[in-house]
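In: my questions are about this predicted structure, shown below with the sequence.
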Amino acid sequence: MKNKVPGVILLAALLLLLLAPLARAQSPGAARPVDYALATGAKLTGYLSLPPDYQQGQKYPAILLLHGGRGDDVKELRNRTAGLLKAGPVKKHLCRRYVVFSAAYQSQYLGSPQEIDSLAAALKTLAGLPQVDRTRLAALGVSHGGYLALMCAGHTRMPVQIKAAVSVSGVVDVAAFLQHRHRPSLWGKFAKGGNPPELAASPAVRALGWPPEKDAKTQGNYARVSVLTYVDNFQAPVLVIHGTKDHLVPISQARKLKEALEQRQKVFEYLEVPTGQIGGHFIFVTSQAVWAKIDAFLQKYL
């Protein structure tokens with residue numbers, strides 16, 4: 001009998017060692033990877049955070065968190081996705097109260113088919129998690145992610161209806177955004193004619209055509225990827241936040257959306273944050289006013 005005791009203890013110790021990583025990965029407040037697949041079979045990895053006071057078996061309101069930029073390889077994409085959950089304001093304002101799923105997405109350009117497929121798959125994955133109340137979902141994104149948060153509210157291919165959408169520094173009109181980004185005045189010798197060198201290399205330009213008003217087909221291509229095309233479909237309240245001198249995504253983008261929301265009598269809130277050109281695009285991580293507005297909006301509608 002004495003010889004068996006050490007073996008039992010050893011077995012128990014081994015089980016604890018095996019189960020400990022799983023327990024840590026699923027502990028409240030700690031981000032853990034969640035894999036999901038697109039209809040094409042491509043696989044993506046998002047990161048899930050549970051609130052610190054999470055109670056097993058209960059369902060919580062949840063936020064689909066959408067990072068900026070595209071992420072051109074798997075490593076960079078995972079860094080962007082996991083890194084956004086580690087941002088101080090996200091941890092302080094979102095992770096303490098909500099289930100937060102920082103989603104990855106494949107993208108060739110704003111509104112590309114791969115991107116919309118990724119967005120739909122991420123939203124479906126979030127809604128299906130056992131910790132989540134699928135009737136209380138919000139999408140929140142910054143920059144490129146702000147564009148996607150708005151698409152969650154209006155695009156016809158979304159599999160689940162959300163209750164609120166928050167766009168910070170987000171693109172709205174892809175054609176106008178690309179015209180701003182590739183304007184000749186930014187490119188020295190091209191200012192007096194010709195196209196900037198990045199224009200020919202742009203995946204969006206190659207896929208959609210250029211200029212945006214070239215012909216009916218090109219106009220239709222840009223309409224398909226414009227948030228403005230889908231405003232009529234918005235059922236959820238929308239919060240639009242933008243810096244007044246954002247040097248990457250101009251304030252005119254937010255103002256166009258505000259006008260469209262007003263014309264269609266949609267439920268929305270709007271905040272322009274006074275900024276300089278330096279830092280104007282990064283109010284998501286620098287502005288207390290931004291987070292006060294987000295907190296109040298989510299508590300009101302989610």
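Out: Arrived safely, thanks for sending. Just so we're clear, the structure is a prediction, and the values are computed from it rather than from any experiment.

In: can I see the domain layout of the protein?
Out: Split into domains by automatic domain parsing, the chain comes to 30-173+226-301, 175-225.

In: most tightly packed of the ones you listed?
Out: Greatest average neighbour count among the domains of the chain goes to domain 30-173+226-301 (a mean of 19), per mean count of other C-beta atoms under 10 Å. C-beta coordinates here come from the backbone N, C-alpha and C atoms, glycine included.

In: quick one: distance of that domain to the chain centre.
Out: Centroid displacement of domain 30-173+226-301 relative to its chain, using C-alpha atoms, centre = their mean, to the nearest Å, is 3 Å.

In: now that domain: average pLDDT?
Out: Here domain 30-173+226-301 scores 94 as its mean pLDDT.

In: endpoints of that domain, how far apart?
Out: Start and end residues of domain 30-173+226-301 are separated by 26 Å (C-alpha to C-alpha, to the nearest Å).

In: ok, stretch 69-78 next?
Out: 12 Å.

In: repeat that for stretch 279-292.
Out: 19 Å.

In: for that stretch, report the contacting residues that lie outside it.
Out: The contact list for stretch 279-292, computed with C-beta atoms under 8 Å, 6 or more residues apart in numbering, reads 87-89, 92-93, 142-143, 168-169, 241, 243-249, 271, 273, 275.

In: now stretch 123-140
Out: With contact meaning C-beta under 8 Å, 6+ apart, stretch 123-140 is reached by 34, 36, 46, 48, 50, 54, 58-66, 94, 98-99, 101, 103, 148-149, 152-153, 158-160, 162-166, 168, 236, 294, 298, 301-302.

In: at 6 Å instead, please
Out: In this structure, residues lying in contact with stretch 123-140 by C-beta atoms under 6 Å, 6 or more residues apart in numbering are 36, 59, 61-65, 99, 101, 149, 152, 158-160, 162-166, 302.

In: all strands of the chain, in order?
Out: Assigned by DSSP state E, the chain shows strands spanning 32-37, 43-49, 60-66, 99-103, 132-142, 164-168, 238-243, 268-273.

In: and those as CSV, adding distance to Phe177?
Out: Below are those laid out as CSV (distance: least, C-beta to C-beta, whole Å):
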stretch, distance to Phe177
strand 32-37, 28
strand 43-49, 25
strand 60-66, 17
strand 99-103, 22
strand 132-142, 15
strand 164-168, 13
strand 238-243, 13
strand 268-273, 18
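
In: nearest to Asp215, of those?
Out: strand 164-168 (30.2 Å; C-beta to C-beta).

In: can you show me the CA trace of the closest one as PDB?
Out: C-alpha atoms of strand 164-168 as PDB (Å, rounded to 0.1, in the frame of the first residue of the first chain):
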ATOM      1  CA  ALA A 164     -24.700  49.100 -31.000                       C
ATOM      2  CA  ALA A 165     -21.800  50.200 -33.200                       C
ATOM      3  CA  VAL A 166     -18.900  52.500 -32.300                       C
ATOM      4  CA  SER A 167     -16.500  53.900 -34.900                       C
ATOM      5  CA  VAL A 168     -13.500  55.900 -33.800                       C
END
